[in-house]
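# structure for the following, please:
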Amino acid sequence: MDVAIIDYYANHGTSFLHKAKALWKVVFTALVIASIILTNEFYMLLGIYITLVTIAVWTRLPVSRIITIAAYPAIFALIFAFAMWNGSWLKAGVIILKALTAALTMVLLIVTTPYPDVFNVLRPFLPRVIAEGLFVTYRSVFILLELTDELIKSLKVRGGLTRRKYIRNIRNFSSGIGLLLVKGFDYSEKFYGMMNVRGYSGRITTQGTKTSINRNDVLAIALGLLIFAITISTVIEKRFLEFGVYILACSAIALVISSIYQQFQN
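Have a look, this model is predicted:
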């Protein structure tokens, strides 16, 4: 996972979601996440997921890459779905879709919003030490993921990971994790030294959060409210669930039209 690519997407995009303020994008994200938590209906979750893919098309970013980044939690969701298996494919689908949809929501936020702006929104609601810890941890997680990827590639090239040699693979990977831990400490010291050189004195300063609203903000909020309103209506009034297939169909049609339109634009 290349953090430089994510930063490039967040800082150089030109879509309406890039132009919307971080505060309102966080509100949009919170509304979608709340919708995912509230509903346990397969068709509703699939409709939300397709809607988010449509929004990803509107961002004019590589959609396949965004979906791939957001697909990592599916591995753990598959394990959980298998553990909770009761013979129902829909139940398993709901578990996997919840993970995929929540991940895609968060990925849309980070690929359209520079990460300092995201943490700047959260700063008023969290203690300073936690907010700044999250700020630094965000960067560190991606650095560790990149180091892990390099470790796996090195082991494969040198024959440390081979087929049907499970015990040997585990032993070699365990040794690699030890090296990764040492490298992690080395990187953390360099990172702290770099921050000191740039004036860090126990406090990270950022610009204040702007709360004014423009048309891009309104569109982001409207999309979040629409998804939340449809979801909450199906939760309160079960008879609305009969329209789940129609909601799914509308989402799919919107995705197809958006994809065709973007192709012509390009």
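# average pLDDT across stretch 71-87?
Averaging pLDDT along stretch 71-87 yields 78.
# how far off centre is it?
Distance of stretch 71-87 from its chain centroid, counting by C-alpha atoms, centre = their mean, to the nearest Å, is 18 Å.
# renumber starting at 32 from here on
Sounds good: first residue 32 from here, last item stretch 102-118.
# give me the contact list for it.
Contacts to stretch 102-118, defined as C-beta atoms under 8 Å, 6 or more residues apart in numbering, come from residues 122-123, 126-127, 129-131, 133-134. For glycine as for every other residue, the C-beta is placed from the backbone atoms N, C-alpha and C.
# helices of the stretch 82-231 of the chain, start to end?
For the stretch 82-231 of the chain, helices defined by DSSP state H, counting those that start in this stretch occupy the ranges 94-101, 104-114, 120-143, 146-153, 159-188, 197-228.
# distance from stretch 136-152 to the middle of the chain?
Distance of stretch 136-152 from its chain centroid, counting by C-alpha atoms, centre = their mean, is 9 Å.
# mean neighbour count, the helices of the stretch 82-231 of the chain: which tops it?
Among the helices of the stretch 82-231 of the chain, helix 120-143 has the highest mean neighbour count (mean count of other C-beta atoms under 10 Å), at a mean of 20.
# now the angle from that one to helix 94-101?
Computed by axes from the mean of the first three to the mean of the last three C-alpha atoms, to 10 degrees, the angle separating helix 120-143 from helix 94-101 equals 110 degrees.
# alpha carbons only: can I get helix 120-143 in PDB?
Extracted in PDB, the C-alpha atoms of helix 120-143 (Å, rounded to 0.1, in the frame of the first residue of the first chain):
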ATOM      1  CA  TRP A 120     -25.300 -17.400   2.500                       C
ATOM      2  CA  LEU A 121     -27.100 -14.100   3.000                       C
ATOM      3  CA  LYS A 122     -25.900 -14.000   6.600                       C
ATOM      4  CA  ALA A 123     -22.300 -14.500   5.500                       C
ATOM      5  CA  GLY A 124     -22.800 -12.000   2.700                       C
ATOM      6  CA  VAL A 125     -24.000  -9.400   5.300                       C
ATOM      7  CA  ILE A 126     -20.800  -9.900   7.400                       C
ATOM      8  CA  ILE A 127     -18.500  -9.500   4.400                       C
ATOM      9  CA  LEU A 128     -20.400  -6.600   2.900                       C
ATOM     10  CA  LYS A 129     -20.400  -4.700   6.200                       C
ATOM     11  CA  ALA A 130     -16.600  -4.900   6.300                       C
ATOM     12  CA  LEU A 131     -16.200  -4.000   2.600                       C
ATOM     13  CA  THR A 132     -18.600  -1.100   2.700                       C
ATOM     14  CA  ALA A 133     -17.200   0.400   5.900                       C
ATOM     15  CA  ALA A 134     -13.600   0.100   4.500                       C
ATOM     16  CA  LEU A 135     -14.600   1.700   1.200                       C
ATOM     17  CA  THR A 136     -16.200   4.600   3.100                       C
ATOM     18  CA  MET A 137     -13.000   5.200   5.000                       C
ATOM     19  CA  VAL A 138     -10.900   4.800   1.900                       C
ATOM     20  CA  LEU A 139     -13.000   7.400   0.100                       C
ATOM     21  CA  LEU A 140     -12.300   9.800   2.900                       C
ATOM     22  CA  ILE A 141      -8.600   9.300   3.000                       C
ATOM     23  CA  VAL A 142      -8.100   9.400  -0.800                       C
ATOM     24  CA  THR A 143     -10.000  12.700  -1.100                       C
END
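# who are the packing partners of that helix?
Applying 3 or more C-beta pairs under 8 Å, 6 or more residues apart in numbering; DSSP states H and E, one finds that helix 120-143 contacts helix 34-43, helix 47-50, helix 53-69, helix 73-89, helix 94-101, helix 104-114.
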